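> Predicted model and sequence below, questions to follow.
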Amino acid sequence: MAYMCADSGNLMAIAQQVIQQQQQHNQQQQRHHHHHLVPSPMPMPAAPVPPHAQIPGSLPFGAAGSAAWPQAENFFSDVFGASAADAVFSDLAAGTDFDSDVWMESLIGDAPVFQDSDLDRLIFTTPPPPVAPPAEAEDAAPQVENAPASLPTVAAAAQAACSSPGSPDASCSAPILQSLLACSRAAAANPALAAAELAKVRAAATESGDPAERVAFYFSDALARRLPCGGAASLETASDARLASDEVTLCYKTLNDACPYSKFAHLTANQAILEATGAATKIHIVDFGIVQGIQWAALLQALATRPEGKPSRIRISGVPSPYLGPQPAASLAATSARLRDFAQLLGVDFEFVPLLRPVHELDQSDFSVDPDEVVAVNFMLQLYHLLGDSDEPVRRVLRLAKSLGPAVVTLGEYEVSLNRAGFVDRFASALSYYRAVFESLDVAMARDSEDRATLERCMFGERIRRAVGPPEGADRTDRMAGSAEWQALMEWCGFEPVRLSNYAESQAELLLWDYDSKYKYSLVELPPAFLSLAWEKRPLLTVSAWR
């Protein structure tokens, strides 16, 4: 039986379809049991394949297409960070009716309290300017950071990047954003002048206006915190807010429902893993940065229904995400139980192994890879946590991944350079990125939506502050890198890119069809083998595969 996910594509939809298939199977068994007493009805004709499932070169979005494309399973993961209650999976195992309201209540009730925004599982960024390899960029960064604001080198480059009509950063051309850029350029050389000009921007910015006004509201807050005379102490914005766990969960759901970013990332990575593992009988997935593991339920479903038959064993080694806090054991135990119960429902021999030691202490022996296992390593919006003034923490983890002999390494990262760029460049890149994100939310949600306002205030406001607000140093924790930088790191560690298949691209294209035509999402290929989800042709979130 193929349990295809044709609606929202999350674990809830998969589980619901599993239940429906089981209920139909039970009914068929009951009819068969009474075959000698009651004549069986004539079989109903098969439902026609919907037109969108018949597109040449694309992957099916429903069970009707499974026969035509036996290798093209469809993946969607609902990863807005919520924890599912074990009672829901008990209901699944018992074959009872699935209640989506109960499901959501369980998500809210069991959601962990995150110390920081878990937006890393969901959010996306803009394309970087051309960058030098990491070793060269490291030496160049301090010169840019300490350069006088009046010098035209960085300032002119930032303004040109954000004002050229043909530039992907043309979204910064709004006057209020140009004023913000001017304030950022003046911040180092003349903080008093920057603070005076910033006061004018803050008077015009509002968290309830158009996307430019809203993004200016949060960036003016972040910049004021950086200026010694910016008046940051009087600010009362979302950067200081901490939501209860149920509110955080609802924010994640709001974002995941409004935008296709997380679905695209996990859909594409799962397809690459499915293809790389082929007909392997023993599969070992190493997930660096696991939270709830909902992504893997979709892959388990695909592996359980592949034409070659079910694997004899599937094992997941989970390295916890930093957002699970200093004691992730309880959360990973719940993740293990949920995945184990779902695998049992699918008839798959499954094992989950939590690795609770800090990532920098792990070595090859901790993963206990068997000689007959096919290994897949997954880095989904996690490696950037290790970025800093030195590349060594990232390189060490990549070397560890290579030592496991993986058939594929999947990498998902934000497409923006916020690591070694000087402040002016970093401010311009972040401003352009968040302008695009706020615009995508503006199209998807009503201007007066309280959910949208809460999402922007309590998630994006905090991330903006962490990216550009604090002075240089350890407090600047959002150190993202673009695809050119990740390519240099991956190749330095001995990996080569693998082009994502037409199946993966077709599935991603079909995913975008689920959104209204007024949405301006598209897929953009970046060399050598990166696939990005873009807003108005601007790459935001990039997925790649390596070997």
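Structure received. Numbers count the residues shown, from 1 in each chain.

> Every contact and neighbour count from this point should use C-alpha atoms.
Will do.

> residues near the nearest residue to residue 251 once chain neighbours are set aside, how many?
Take residue 251 and drop its neighbours on the chain: the residue closest to it by Cα to Cα, 6 or more residues apart in numbering is residue 455, 5.4 Å away. For residue 455, the neighbour count with other Cα atoms under 10 Å is 21.

> Which pLDDT value belongs to residue 455?
pLDDT for residue 455: 90.

> List the contacts of residue 311.
Listed by Cα atoms under 8 Å, 6 or more residues apart in numbering, the contact partners of residue 311 are 279-283, 303-304, 348-349.

> residues in contact with the nearest residue to residue 177 once chain neighbours are set aside?
Once flanking residues are discounted, residue 177 sits nearest to residue 216: 6.4 Å by Cα to Cα, 6+ apart. Residue 216 makes contacts with 176-177, 180, 201-202, 205-206, as judged by Cα under 8 Å, 6+ apart.

> farthest pair in those?
180 and 206 (13.8 Å; Cα to Cα).

> More neighbours: the two, which one.
residue 180 (25 against 17).

> so what's that one up against?
Residues counted as contacts of residue 180 (Cα under 8 Å, 6+ apart) are 198, 201, 216, 219-220.

> just curious, which of the residues you listed is nearest to residue 320?
For those, the nearest to residue 320 is residue 219 (31.2 Å; Cα to Cα).

> Name the helix or strand for that closest one, please.
helix 211-226 (DSSP states H and E).

> So for that helix, mean pLDDT?
94.

> Pull that helix out as CSV, backbone CA atoms only.
The C-alpha trace of helix 211-226 is given here as CSV (Å, rounded to 0.1, in the frame of the first residue of the first chain):
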residue,chain,number,x,y,z
PRO,A,211,6.4,45.4,4.3
ALA,A,212,9.1,48.2,4.0
GLU,A,213,7.7,50.0,7.0
ARG,A,214,7.5,46.9,9.1
VAL,A,215,11.0,45.7,8.3
ALA,A,216,12.3,49.2,9.0
PHE,A,217,10.6,49.1,12.4
TYR,A,218,12.6,46.1,13.5
PHE,A,219,15.9,47.1,11.9
SER,A,220,15.7,50.6,13.4
ASP,A,221,15.3,48.9,16.8
ALA,A,222,18.4,46.6,16.1
LEU,A,223,20.5,49.6,15.0
ALA,A,224,19.5,51.7,18.0
ARG,A,225,20.8,48.9,20.2
ARG,A,226,24.1,49.1,18.5
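
> Nearest to residue 411 among the contacts of residue 180?
After measuring the contacts of residue 180 against residue 411 - Cα to Cα - the closest member comes out as residue 219, at 29.0 Å.

> and the closest one, how many residues sit next to it?
With other Cα under 10 Å as criterion, residue 219 counts 26.

> That one reaches residue 464, doesn't it?
Yes - because the distance of 6.7 Å satisfies Cα atoms under 8 Å, residue 219 is recorded as touching residue 464.

> returning to that earlier point: which of the contacts of residue 311 are buried? Put it as a ChimeraX command.
Those of the contacts of residue 311 that count as buried under 16 or more other Cα atoms under 10 Å are selected in ChimeraX with:
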select :279,280,281,282,283,303,304,348,349
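
> Could you dump the contacts of residue 311 into a markdown table and include pLDDT?
Formatted as a markdown table, the contacts of residue 311 follow (pLDDT from 0 to 100):
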| residue | pLDDT |
| --- | --- |
| 279 | 94 |
| 280 | 97 |
| 281 | 97 |
| 282 | 98 |
| 283 | 98 |
| 303 | 97 |
| 304 | 96 |
| 348 | 96 |
| 349 | 97 |
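
> With distance to residue 190 and secondary structure as extra columns, can I get the contacts of residue 311 in JSON lines?
Below are the contacts of residue 311 laid out as JSON lines (distance: Cα to Cα, whole Å; DSSP: H, G, I helix; E, B strand; the rest coil):
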{"residue": "279", "distance to residue 190": "64", "secondary structure": "coil"}
{"residue": "280", "distance to residue 190": "63", "secondary structure": "coil"}
{"residue": "281", "distance to residue 190": "65", "secondary structure": "coil"}
{"residue": "282", "distance to residue 190": "62", "secondary structure": "strand"}
{"residue": "283", "distance to residue 190": "59", "secondary structure": "strand"}
{"residue": "303", "distance to residue 190": "60", "secondary structure": "helix"}
{"residue": "304", "distance to residue 190": "63", "secondary structure": "helix"}
{"residue": "348", "distance to residue 190": "64", "secondary structure": "coil"}
{"residue": "349", "distance to residue 190": "64", "secondary structure": "coil"}
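
> Flag the shaky bits of the stretch 101-250 of the chain, pLDDT-wise.
Along the stretch 101-250 of the chain, segments meeting pLDDT under 70 span 101-171, 229-249.
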